[in-house]
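Undergrad: Okay, here's the prediction I keep looking at, along with the sequence it came from:
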Amino acid sequence: MEKLPTTVEEGKTNAIISYLWIPGVIIAWILNNSKKNAFASFHIRQMIGLCVLSILNGWIITRFLGGMVGGIVGIILFVLWIIGFMGAIKGEEKLVPVVGAQFQDWFKGI
């Protein structure tokens, strides 16, 4: 679904802010609540999902499977973060690989 350029431009700042980990997601979500922007909402949902996975990686994977596995998962999450962040900068609604579609579905109320 192609967005109008003004929609992307209006939401680009909030989309980029959302990639500043948990504080950025919270700030972007608050800023986006007053005037919903589909582009910003898309990236906020992507980043909420990445934050949840990052927290689970620290609490569960690293604790029960070890630091090596947690580190590998952390690197994978970082690569997914870069893909999402670059999409926000370029003005694209690019799903992060493997889990991006689930994030859009799970957090569709945002």
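TA: Arrived safely.

Undergrad: Now do the same contact list for the spatially closest residue to Asn57 that is not a sequence neighbour.
TA: Spatial nearest neighbour of Asn57, chain neighbours left out: Val73 (4.8 Å); criterion: C-beta to C-beta, 6 or more residues apart in numbering. The C-beta positions use only the backbone N, C-alpha and C, and glycine is treated the same way. Counting by C-beta atoms under 8 Å, 6 or more residues apart in numbering, Val73 touches Asn57, Ile61, Thr62.

Undergrad: Where is pLDDT lowest across those residues?
TA: Minimum pLDDT for those is recorded at Thr62 (86).

Undergrad: Lowest mean pLDDT among the helices and strands of the protein, which one is it?
TA: Lowest on mean pLDDT, DSSP states H and E among the helices and strands of the chain sits helix 5-17, with a mean of 83.

Undergrad: How far off centre is that helix?
TA: Relative to its chain's centre, helix 5-17 lies at 14 Å (C-alpha atoms, centre = their mean, to the nearest Å).

Undergrad: now swap in stretch 79-95 and tell me
TA: Per C-alpha atoms, centre = their mean, the centroid offset for stretch 79-95 relative to its chain is 8 Å.

Undergrad: Flag every buried residue along the helix ranked longest in the chain.
TA: Longest helix in the chain, counting residues (DSSP state H): helix 67-90. Going by neighbour count (16 or more other C-beta atoms under 10 Å), the buried part of helix 67-90 is Gly70, Val73, Gly74, Leu77, Leu80, Trp81, Ile83, Gly84, Phe85, Gly87, Ala88.
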